[in-house]
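>>> What follows is a protein structure lacking sequence information:
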Ligand code: COA
């Protein structure tokens, strides 16, 4: 049986932590769809627009043959049904992620009982990392190159110097 999984997120921007989770998940499932959320639950609008986030993620993950990057809006479980994904992948960085992630997994299972959420422990090297930390360092002129793929550094430079 072919298993398609979806790894959803805002990815504003995708960090090396996300790439690590996506790479490991790509080895566990036949197909992995990276679902880039168009209308994230966060209050502030994203720094990178949806098209930019999808484009960057596609370029960064292009060496993984069973991975595709797709935008989505609306409910995650509806998008998962549309692409016939039976598994949602989420990364766990620390115990502080656990409560929120278990809550969301419960909501998604309630909405769609056949979908399973699988958690992947994020790399120990980057448990402190988040997209907002990267955005803050970039805007304040610090060195964030250890935290992102060069594609993201180039896009930050382009946008911040525009
Ligand atoms: N490495 C680095 N950072 C990581 C990480 C990792 N391995 N795993 C998570 N993060 C960070 C992200 O960078 C992000 O940081 P930020 O808040 O500073 O920007 C934060 O953890 C959480 O981001 P992410 O994993 O992208 O999740 P999200 O909360 O942005 O996305 C959705 C949540 C989009 C999956 C969720 O809102 C969703 O499913 N929305 C669709 C609507 C829906 O179905 N709602 C019903 C369920 S609630």
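Sure thing, it's come through. Everything numeric here is computed off the predicted structure, so don't read it as measured data.
>>> Apart from its chain neighbours, what residue comes closest to the residue in the chain positioned nearest to the ligand?
At 2.1 Å from the ligand, residue 17 is the closest residue in the chain, using CB to the nearest ligand atom. Quick note: C-beta positions are derived from backbone N, CA and C, even for glycine. Spatial nearest neighbour of residue 17, excluding adjacent residues (CB to CB, 6 or more residues apart in numbering): residue 126 at 4.2 Å.
>>> ok, the one you found to residue 30 distance?
27 Å (CB to CB, to the nearest Å).
>>> So for these two, which sits in the more crowded spot?
residue 126 (19 against 11; other CB atoms under 10 Å).
>>> OK, contacts around residue 24?
Taking CB atoms under 8 Å, 6 or more residues apart in numbering, we find residue 24 in contact with residue 120.
>>> ok, and it, which helix or strand is that part of?
helix 16-28 (DSSP states H and E).
>>> Partner strands of the helix or strand following that helix and their direction?
Downstream of helix 16-28, the first helix or strand assigned by DSSP H and E is strand 31-37. Under the criterion DSSP bridges, strand 31-37 sits next to strand 4-9 (parallel), strand 67-72 (parallel) in its sheet.
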